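Chemist: Got a sequence here, can you build the structure:
(chains A and B)
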Amino acid sequence: MRVVLDAEKCQGHNRCYALAPELFDVDDFGQAVVIGDGTVTPDREDKAHLAVANCPEYAISIEAQA
Amino acid sequence: MSERSERIIVTASTYRAVTDWATDLDHADPAYNRNAPAIWREIVDSGCPVAHSDRYGGMWTPLTHELVSQVAYDTENFTSRAVVVSRTNAEDFIEAPVGGAPPITSDPPFHHHARRLLLPAFAPKVIEPWEEEVRELCRARLDEALASAAETGEGLIDAATQYAQHIPANVIGRMLGLPPEDDELFRGFVHDALEAIDIETSERGANFERLEAYLDVQIVEHLENPRDDLISYLLNVQLFDQPLSPRHVRGSIALLLIAGIDTTWSAIGSSLWHLATHPEDRRRLVAEPDLIPVAIEEFLRAFAPVTMARLVAKDHDFHGCPMEVDDWVLLPFPAANRDPAVFDRADEVVIDRLENRHAAFGLGIHRCLGSNLARLELCVAVEEFLGRIPDFELADPTGDGVVWSVGQIRGPRALPFRIQP
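Modeler: Modelled structure (predicted):
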């Protein structure tokens, strides 16, 4: 799976960075950025789901990877 | 206690007491914040998701997550030109898109630029290094409170006035570069701005002039002695290749000073109030301090301190409500946070709730600029309190000793605890 961030929706609440720092970083303005291409290794799937479920702006989603 | 401290707790409403919340809602009625979750539930359960009031010249209050979100995201039909409901006439606020305290009072497209000037100062990696300083401050306040409790021999402390309120006032004062001994003044300014809302317009204007006069003195002092703080930053930064206007600088300083104090103080107080009244949760957090950050998010959800406001910018129909230009709209993020359509067990405090999409820091472009700082202060303040005072309860078990704020910021203003040595 892969995490996808909608940068238009992100308002910098920083929940994803706090809960899943292996998957998300923040820039100098506090806006979230996906690390790498967003690929989630199986051991980090729980964290990916937490990041999705805690985003107040519904800015994060999960995509199945081919 | 000084006269000003007394005033912080007492606000006399100029309106009559509310008897029907759905048709006459007034958040400055002291009964509102004391009973807010029950009031929201009662209004929504009556089949009316948008309360109305003729007070303040007309005010709408959507109460579900969906409706609160809709207003927060709609910057066409609603303006942020004024964000604190009062009896002031809408035309007396500084015009959009800048407003009196940018960027909170700003609308697009100006808002984006004014906000970007301040975002880096409150980004997570800039805030994280403040942790030790916040911790030392909490410890010093606890030392003082415990020493005074020991002196009286009754084991009583006030967690709001002796602890919670000092933490954000002190931190934002340091960040801005204001004299630390002015803390007491800040709390007066905050009260005037956020609690003294239903007083005569002229009196409210005089209160703001006092704040502005204070800030003008501080600005002059910073012009003479520039240093590494937020006031000097605002005086030097450029927007569209120009220095900020003096009014913009003063408005932004006022925003940073006012917005961070009452709110975080309220969140710390509400969290400690819950722990004083729910010993099982308190014992669990003492035993499992790693759970504190998760519990803090739940306290933020259940006791979100901040209700924002907007003015209606265009006449329009909002789900059957005939909204007219310059009507007020209250934006109760705390009510949205208790919407059962979004949260399981919405009216329960579940301290290990892992999925928590709460909107305590707002939604959309005006997300609380200081949310990273607020979270840091809240986590450290609760950790330090529990580490030092693991066993405490309300001094008056009936809850009568607890005084809740009035207005858009909800939290305990007096919180007397009996502590076990």
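Chemist: Flag every buried residue along stretch A:55-66.
Modeler: Across stretch A:55-66, burial judged by 16 or more other CB atoms under 10 Å in any protein chain shown covers A:55-57, A:59-60, A:62. Heads up, the C-betas are built off the backbone N, CA and C, glycines and all.
Chemist: can you tell me the helix or strand for the residue nearest to B:Leu119 when sequence neighbours are not counted?
Modeler: Nearest residue to B:Leu119, sequence neighbours excluded (CB to CB, 6 or more residues apart in numbering or on different chains): A:Phe29, at 4.2 Å. Using DSSP states H and E, A:Phe29 falls within no helix or strand.
Chemist: ok, now B:Leu256?
Modeler: helix B:246-277.
Chemist: At the contact with chain B, which residues of chain A appear?
Modeler: With CB under 8 Å from any CB of the partner chain as the criterion, chain A meets chain B at residues A:11-14, A:17-18, A:26-30, A:50, A:53-58.
Chemist: thinking again about what came up before, would you mind putting the buried residues of stretch A:55-66 into TSV with pLDDT and secondary structure alongside?
Modeler: Putting the buried residues of stretch A:55-66 into TSV (pLDDT from 0 to 100; DSSP: H, G, I helix; E, B strand; the rest coil) gives the following:
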residue	pLDDT	secondary structure
A:Cys55	98	coil
A:Pro56	98	coil
A:Glu57	98	coil
A:Ala59	98	coil
A:Ile60	98	strand
A:Ile62	97	strand
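Chemist: Can you point out the buried residues in the longest helix belonging to chain A?
Modeler: Identified as the longest helix of chain A according to DSSP state H is helix A:45-53. For helix A:45-53, the neighbour count (16+ other CB under 10 Å) marks A:47-52 as buried.
Chemist: Check stretch B:242-258 too.
Modeler: Within stretch B:242-258, the residues that count as buried by 16+ other CB under 10 Å are B:244, B:248-258.
Chemist: same deal with stretch B:89-104?
Modeler: Result for stretch B:89-104 [16+ other CB under 10 Å]: buried residues B:90, B:93, B:96-104.
Chemist: next one: stretch B:119-127
Modeler: Across stretch B:119-127, burial judged by 16+ other CB under 10 Å covers B:119, B:121-124, B:127.
Chemist: how far does it stretch from start to finish?
Modeler: 11 Å (CA to CA, to the nearest Å).
Chemist: And the contacts of it?
Modeler: In this structure, residues lying in contact with stretch B:119-127 by CB atoms under 8 Å, 6 or more residues apart in numbering or on different chains are A:12, A:14, A:17-18, A:26-30, B:175, B:230, B:233, B:369-373, B:376.
Chemist: Return the distance of it from the chain's centre.
Modeler: With CA atoms, centre = their mean, to the nearest Å as the basis, stretch B:119-127 stands 19 Å off its chain's centre.
Chemist: Let's test this: mean pLDDT of it, rounded?
Modeler: Averaging pLDDT along stretch B:119-127 gives 97.
Chemist: so where is the chain shaky, pLDDT-wise?
Modeler: Looking at chain A here, since you left the chain open. Residue ranges of chain A with pLDDT under 70: A:66.
Chemist: Chain B is the one I meant
Modeler: Those would be B:1-14, B:421, if you go by pLDDT under 70 across chain B.
Chemist: Just the ones in strands from the buried residues of stretch B:89-104, please.
Modeler: In strands, judged by DSSP state E, none of those are found.
Chemist: now the buried residues of helix A:45-53 in JSON lines, with distance to B:Asn207?
Modeler: Converted to JSON lines, those look like this (distance: CB to CB, whole Å):
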{"residue": "A:Lys47", "distance to B:Asn207": "47"}
{"residue": "A:Ala48", "distance to B:Asn207": "49"}
{"residue": "A:His49", "distance to B:Asn207": "48"}
{"residue": "A:Leu50", "distance to B:Asn207": "44"}
{"residue": "A:Ala51", "distance to B:Asn207": "43"}
{"residue": "A:Val52", "distance to B:Asn207": "44"}
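Chemist: B:Glu221: what's it in contact with?
Modeler: B:Glu221 makes contact with no residue, according to CB under 8 Å, 6+ apart.
Chemist: wait, is it part of a helix?
Modeler: Yes - applying DSSP: H, G, I helix; E, B strand; the rest coil, one finds B:Glu221 inside a helix.
Chemist: Kindly report the residues of chain B close to chain A.
Modeler: Going by CB under 8 Å from any CB, the residues of chain B near chain A are B:116, B:119-120, B:122-125, B:293, B:297, B:354-359, B:361, B:363-365, B:367, B:371-372.
Chemist: Narrow those to just the buried residues.
Modeler: Buried, going by 16+ other CB under 10 Å: B:119, B:122-124, B:297, B:356-359, B:361, B:363-365, B:367, B:371-372, out of the residues of chain B next to chain A.
Chemist: Quick check: A:His13 is in a helix.
Modeler: No - counting by three-state DSSP, A:His13 falls outside a helix, being coil.
Chemist: Pull the contacting residues for the closest residue to it other than its chain neighbours.
Modeler: Nearest-residue entry for A:His13: A:Pro56, 5.3 Å, with adjacent residues in sequence omitted and distances by CB to CB, 6+ apart. A:Pro56 makes contact with A:11, A:13, A:15, B:357-359, B:361, B:363 under the criterion CB under 8 Å, 6+ apart.
Chemist: phi, psi of A:Pro56?
Modeler: The phi and psi values for A:Pro56, taken as degrees, to the nearest 10, are phi -60, psi -20.
Chemist: separation between it and B:Arg375?
Modeler: According to CB to CB, to the nearest Å, A:Pro56 and B:Arg375 sit 13 Å apart.
Chemist: quick check, nearest of the contacts of A:Pro56 to B:Asp262?
Modeler: Of all the contacts of A:Pro56, B:Phe361 has the smallest distance to B:Asp262: 14.5 Å, by CB to CB.
Chemist: Report the secondary structure element holding B:Ala51.
Modeler: For B:Ala51, the element it lies in under DSSP H and E is strand B:50-53.
Chemist: Report all helices and strands that that strand contacts.
Modeler: helix B:21-24, strand B:59-62 (3 or more CB pairs under 8 Å, 6 or more residues apart in numbering or on different chains; DSSP states H and E).
Chemist: so what's the residue positioned nearest the centre of chain B closest to, chain neighbours aside?
Modeler: Centroid-nearest residue in chain B: B:Thr263, 2.5 Å away (criterion: CA atoms, centre = their mean). Excluding its sequence neighbours, the residue lying closest to B:Thr263 (CB to CB, 6+ apart) is B:Pro305, at 4.9 Å.
Chemist: Can you verify my assumption that the one you found contacts B:Trp273?
Modeler: No - using CB atoms under 8 Å as the test, B:Pro305 is too far from B:Trp273 to be in contact (11.9 Å).
Chemist: quick one: contacts of stretch B:283-301?
Modeler: So stretch B:283-301 is in contact with A:18, A:54, B:267, B:270-271, B:274-275, B:281, B:337-338, B:343, B:349-354, B:356, B:358, B:360-361, B:375, B:378-379, B:382-383, B:386-387, B:390, going by CB under 8 Å, 6+ apart.
Chemist: Mind doing that once more with 6 Å?
Modeler: Contacts to stretch B:283-301, defined as CB atoms under 6 Å, 6 or more residues apart in numbering or on different chains, come from residues B:271, B:337, B:351-353, B:356, B:358, B:360, B:378-379, B:382-383, B:386, B:390.
Chemist: Okay, buried residues for the helix or strand that contains B:Tyr233 please.
Modeler: B:Tyr233 is located in helix B:230-236, with elements delineated by DSSP H and E. For helix B:230-236, burial by neighbour count (16+ other CB under 10 Å) applies to B:230-235.
Chemist: Having no further points to raise, I will conclude here.
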